[in-house]
Each structure stands twice: as C-alpha cells, then as structure tokens.
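[1] Quick one, structure for this:
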Amino acid sequence: MLRLLGLLGLVMAAGFAGMMKAAELKERIALLEEFYKIMLDMKGQMEYFREPLLRMFERTGKKGDNKARSLLTGCLSDLIEKDGEISQIWAENVRHTYRGTPLTSEDKELLCHLGSFIGQTDYENQRMQFSYMEERLGEQMEDAKYTYQKKGPMYRRIGFFCGAIVAIIML
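    Numbering: from 1, shown residues only. Modelled structure (predicted):
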C-alpha cells in the first residue's frame, strides 16, 4: 500500500513538472503582452503630451506593479543617479528585470532595442521605431502563443507519461 502511494506520488510529481514547464510558456506570453502595453502607453504619451523622458517613465511606472513597470522605474532611478547613455541603462535594466524569466534571448534583444532609440532621435524617427517595435512584438507574441498551444499540452502529457513509465518500471 505504501509502495503504491509512493508510485502515485512519483507520477504526480512528474506530471507537476510538466505542468510547470507549460506554465513557463504561458508566462512568456504574459510578459510580452505587459511590455507591449507599456510600450503603447509610452508611445501615446510621446505623441500626445510630448513629455520629457524622465517624466514619462515616472508617470508610466507608477500605474501598476509588474515587470515592465519595474523596468521603467529602474531606468528612471538609474538615469537620475548615474551619468550614462539611455541605451546602456535600458539594456542593463532589461537584463536585470527579466533575469530568470522564460523570455528567449530574441525577446530580450527586442526589449533592449527600445532603449536604442527612445529619447535619442527626433519625433518622426521615434514614431517609425515604435511602429517597428509594435510589429516585432506582435510577431513575438504570436510565436509565443503558437508555442504554448503546441507545446503546452505536450509538456503536461509527457510529464504524466514519464512518471507513469517510471512507476511501471518500479513495480
């Protein structure tokens, strides 16, 4: 009886590991979507209010609590405290904020791209760059959703299947 409970626990643990891997895929989608919303908010503030960069970071960063907003508040504090280029500070904060997340290196590279043009070019060039970012982030989100739809159920099934195989072998 105790052995059966142990084997059932093994199957459940392996199944849970598969479910956690599928949850990582879903978290990637959520992280990309929240950054997309922040980017659209910043684009709107730039187009309509034409505010200075620091005020825009402050206003947008205070609207909630998620990774994208903490990226803005981190950039804001680093820009105030340190003397450096926005592109370097932005890239450093992207790496720090999104460390340990399921974002791919391509995702992080795209997020770093925003820092290469924001506050550094003229208004028309920034509008074009924001349009490019919208398009690329849209593609990344579609890729993340497709990956989740295809691999998410597979990871869950494989977890339970591997746990069942090990349990059968141990019988």
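[2] does the spatially most central residue of the chain sit in a helix or strand, and which one?
    Centrality entry for the chain: nearest residue to the mean C-alpha point is residue 31, 3.1 Å, by Cα atoms, centre = their mean. Per DSSP states H and E: residue 31 is located in helix 2-48.
[3] Give me the buried positions along the lowest-mean-pLDDT helix or strand in the chain.
    In the chain, no helix or strand scores lower on mean pLDDT, DSSP states H and E than helix 53-61, which sits at a mean of 74. Neighbour-count burial for helix 53-61, counted by 16 or more other Cβ atoms under 10 Å, picks out 53, 56, 57, 58, 60, 61. Placement of C-beta: from N, CA and C, glycine included.
[4] who's in contact with the third one?
    For residue 57, the residues meeting the contact criterion (Cβ atoms under 8 Å, 6 or more residues apart in numbering) are 72, 73, 75, 76, 79.
[5] The host helix or strand of residue 128 to helix 2-48, inter-axis angle?
    Taking DSSP H and E as the criterion, residue 128 maps to helix 123-170. Following axes from the mean of the first three to the mean of the last three Cα atoms, to 10 degrees, one obtains 180 degrees for the angle between helix 123-170 and helix 2-48.
[6] same for helix 123-170, what does it pack against?
    Counting contacts by 3 or more Cβ pairs under 8 Å, 6 or more residues apart in numbering; DSSP states H and E, the secondary-structure elements packed against helix 123-170 are helix 2-48, helix 105-117.
[7] residues making contact with stretch 154-171?
    Residues lying outside stretch 154-171 but in contact with it, judged by Cβ under 8 Å, 6+ apart, are 7-8, 10-19, 21-22, 25.
[8] distance between stretch 141-154 and the chain's centre?
    Counting by Cα atoms, centre = their mean, to the nearest Å, stretch 141-154 is centred 15 Å from the centre of its parent chain.
[9] again but with stretch 8-18, I slipped
    Centroid displacement of stretch 8-18 relative to its chain, using Cα atoms, centre = their mean, is 27 Å.
[10] What is the neighbour count of residue 106?
    For residue 106, the number of neighbouring residues by other Cβ atoms under 10 Å comes to 11.
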